[in-house]
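>>> attaching a predicted model along with its sequence, questions to come.
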Amino acid sequence: MKFPYSETVLEHFRRPRNVGKIEDADGKAIEGSPACGDMVSVYINVEPETKKISDIKFESYGCASNIATGSIITELAKGKTLDEAKKITWKQASDALGGLPKIKAHCSVLAVEGLRSAIQNYEERHGLVKEQKKTTVDIVRRRLKKVMNPITGLDLVRTKMIKDIELKNGTVKVVVDLPPEHQFARSMKEEIIEKIEPLWDITEVSVEFTE
Ligand code: FES
């Protein structure tokens, strides 16, 4: 049987570039794939004047295709401006890898989405978002889809962990269906705040757990 991966995919899978975490990164994101439940984290540092990506790292909890795509997109994005890096597509990543099997397209989409979300996170944290829509409960819920429930590896919305979202005068309260003493409660709370707080018109985020 012919192995479905190109030599380049295998090489990047065996020796992925830019793996790891940047402590206090300027922008970061975790993306989960609805197709397979896998995750990827992307961290970027940005040169403030030129807006070029000076450093980039990724951590993958996905398959070989995802690791190889994470590796290649970090190489493609390094040194590019944020606007250039935003335009990198999964097709470009897949082409640079010598092609990926069709069934694995979602794995490269996941890595590219991770890069775009890390850039968006940087832009939001630095007041660079041009179109600023008023935050709605729906927008908050969409962000919560990016917070993983470590118990299942799926997001908080899909696993019906969100009991309530209250939005009033720039403050957001999220109620999570989990006892406050649960081992994952603290990290979930931190992640929720991290995802919601960068929204331009939100001044306060609180997270409550059910008893
Ligand atoms: Fe999940 Fe590839 S199968 S990232």
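Thanks, I have the structure now.

>>> hang on, A93 in a helix?
Yes: under DSSP: H, G, I helix; E, B strand; the rest coil, A93 falls within a helix.

>>> isn't it up against L110?
No: if you go by C-beta atoms under 8 Å, A93 and L110 don't touch, sitting 10.6 Å apart. Every residue, glycine included, has its C-beta placed from N, CA and C.

>>> anything in contact with each of those two?
Counting by C-beta atoms under 8 Å, 6 or more residues apart in numbering, the shared contacts of A93 and L110 are T69.

>>> quick one: the strands in the chain?
In the chain, the strands defined using DSSP state E lie at 27-32, 39-46, 53-60, 148-149, 154-155, 162-168, 171-176, 204-209.

>>> where are the low-confidence patches of the chain?
Scanning the chain for pLDDT under 70 picks out 1-3, 34, 131.

>>> near the ligand, which residues of it show up?
Taking C-beta under 6 Å from any ligand atom as the measure of proximity, the chain contacts the ligand at S33, C36, D38, G62, C63, S65, N66, K104, C107, L110.

>>> ok, longest helix in the chain?
Using DSSP state H to assign secondary structure, the helix with the most residues in the chain is helix 105-125.

>>> report the distance from that helix to the chain centre.
5 Å (C-alpha atoms, centre = their mean, to the nearest Å).

>>> same thing with stretch 47-63?
12 Å.

>>> could you work out the end-to-end span of that stretch for me?
Terminal residues of stretch 47-63 are spaced 31 Å apart (C-alpha to C-alpha, to the nearest Å).

>>> buried ones in that stretch?
The neighbour-count check on stretch 47-63 (16 or more other C-beta atoms under 10 Å) flags K51, K52, I53, D55, I56, K57, F58, E59, S60, G62, C63 as buried.

>>> ok, and what's touching that stretch?
With contact meaning C-beta under 8 Å, 6+ apart, stretch 47-63 is reached by 16, 18-22, 25, 33, 36, 38-46, 66-67, 70-71, 73-74, 77-83, 85, 104, 107, 110-111, 114-115.

>>> among the residues you listed, the buried ones, what's the ChimeraX command?
Filtering these down to the buried ones (16+ other C-beta under 10 Å) takes a single ChimeraX command:
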select :16,18,22,25,33,38,39,40,41,42,43,44,45,46,66,67,70,71,73,74,77,78,80,82,85,104,107,110,111,114,115
